[in-house]
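Colleague: Below are the sequence and a predicted model; questions follow.
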Amino acid sequence: MLANMNSNNNDINIAAQFIEQGKLVIFPTETVYGIGADATNDNACQSIYKIKNRPMNNPLIIHVNNIQAAQTIGIFNNLAIKLATLWPGPISLVVQLNQSAGISKTATANLDTVAIRIPAHKTALTLLQLTQKPIAAPSANPSGYLSPTTYQHANIHFQNSPNTFILKGTQSTYGLESTIIDTTTDRPIILRHGFITTEIIKTITGQNPIIPEKHNNFLKAPGMMLKHYSPITKIRLNATKLLPKEVGLNYGPNTLTGKYCLNLSPNSNLMNAAANLYHMLHQLDNYAQNPINEVETIAIAQIPNIGIGIAINDKLNRASSY
């Protein structure tokens, strides 16, 4: 499914010029909003790290608009070819880097592998088509903070940033980052949980994916840092009732009640919960950061740890790490 395009053609043409000039563009995708640069321009890629205050050892995902472009950048084995059938879509594949492809060493964090994705979003694909360049893009937020799923989320942080153009769009359809799979071994390894579940990966590959128990300081892909996706306000997981000075985030039948509570999915739909996760956390965080409201914590009800709920809980566990 291709997400709808909201930006007009003139805006996308301007954005393409920004990419070609070595500048930055914030653009919508079906997962979250990204902040991108020409993946072959090392100075432009360095600008991404600077504007986000992103650790330099944290590689970027390279976005392309077709499988031929992907296979120019990376070396695809049989496992990668199978999983690439999920493109365009919310999955990024880590493959061996084609050293002659000219991809910025900053973008790959000097690794001999590269993460590649074809987004399922008309604006993103049109931008890639116009530039005819691979675009390196992490989420459009300060490093470690909540990912943006609306234009407003990204705009509040980067509206006054120099050499940065922001493409408007609607709320991201899926609302979670892409699943990242390491395909450089015989079995798929999930480096980051996302919208594509372990069940889907098993169906495509015929193999149960490996899920590492924990990651060391070596980052082979984005989203592997222990603390990530965090609101400014601290959060409390698996809450059954609100404590004083808390706001609540429910799932399913309301269990948390208080002066300000939201519900990821009143009918217990995990896909809806995923799509609403960051957007509602932004709302609760904004409310909590107003001193008048006297809020210290966001309490979050238990989310079933099945299917896409695994990805939701992974984000929440990282967000709660202090």
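Modeller: Yep, that arrived.
Colleague: next helix or strand past the longest strand along the chain?
Modeller: For the chain, the longest strand by residue count, based on DSSP state E, is strand 91-97. Using DSSP states H and E, the helix or strand that follows strand 91-97 in sequence is strand 113-117.
Colleague: Show me what counts as buried in the helix or strand just after that following strand.
Modeller: As assigned by DSSP H and E, the chain's next helix or strand after strand 113-117 is helix 122-131. Using 16 or more other CB atoms under 10 Å as the test for burial, helix 122-131 gives 122, 123, 124, 125, 126, 127, 128, 130, 131. To be clear about C-beta, it is placed using only N, CA and C from the backbone, and glycine gets the same treatment.
Colleague: Kindly indicate which of the residues you listed lies nearest residue 292.
Modeller: Nearest to residue 292 among these, counting by CB to CB, is residue 123 at 37.3 Å.
Colleague: Over to residue 190. Which of the three states is it?
Modeller: Using DSSP: H, G, I helix; E, B strand; the rest coil, the structure places residue 190 in strand.
Colleague: Verify the contact between it and residue 179 for me.
Modeller: Yes - counting by CB atoms under 8 Å, residue 190 touches residue 179, with 6.8 Å between them.
Colleague: which residues of the chain fall in helices?
Modeller: 9-20, 42-52, 67-73, 78-83, 122-131, 151-158, 198-205, 270-288, 309-319 (DSSP state H).
Colleague: Any idea how many residues pack against residue 320?
Modeller: The number of residues packed near residue 320 is 17, by other CB atoms under 10 Å.
Colleague: got it, and residue 16?
Modeller: Neighbours around residue 16, by other CB under 10 Å: 20.
Colleague: Distance of the residue nearest to it when sequence neighbours are not counted relative to residue 17?
Modeller: Distances taken as CB to CB, 6 or more residues apart in numbering place residue 130 nearest to residue 16, at 3.9 Å, with adjacent residues excluded. According to CB to CB, to the nearest Å, residue 130 stands 9 Å off from residue 17.
Colleague: same check, this time on residue 181
Modeller: For residue 181 relative to residue 17 (CB to CB), the value is 34 Å.
Colleague: Need the pLDDT of the residue lying farthest from the centre of the chain.
Modeller: Using CA atoms, centre = their mean, the residue of the chain lying farthest from its centre is residue 244. It sits 32.5 Å away. Reading off the confidence values, residue 244 has pLDDT 94.
Colleague: so what's residue 35 up against?
Modeller: By CB atoms under 8 Å, 6 or more residues apart in numbering, the contact set of residue 35 is 24-26, 48, 51-52, 137-140, 154, 158, 164.
Colleague: Any idea what it is bridged to?
Modeller: residue 26 (DSSP bridges).
Colleague: quick revisit: what's the closest of the helices of the chain to residue 230?
Modeller: Nearest to residue 230, of all the helices of the chain, is helix 309-319, at 4.5 Å by CB to CB.
Colleague: Show me what that closest one is packed against.
Modeller: helix 270-288 (3 or more CB pairs under 8 Å, 6 or more residues apart in numbering; DSSP states H and E).
Colleague: how about stretch 129-146: buried residues?
Modeller: Buried-residue list, stretch 129-146, by 16+ other CB under 10 Å: 130-131, 133-141, 144-146.
Colleague: Next, count neighbours for the nearest residue to residue 113 once chain neighbours are set aside.
Modeller: Leaving aside its chain neighbours, residue 113 sits nearest to residue 94 (5.3 Å; criterion: CB to CB, 6+ apart). When neighbours are counted by other CB under 10 Å, residue 94 registers 26.
Colleague: What separation do you get for residue 94 and residue 59?
Modeller: 9 Å.
Colleague: Just give me the residue right at the centre of the protein.
Modeller: Centroid-nearest residue in the chain, with CA atoms, centre = their mean: residue 177, separated by 2.9 Å.
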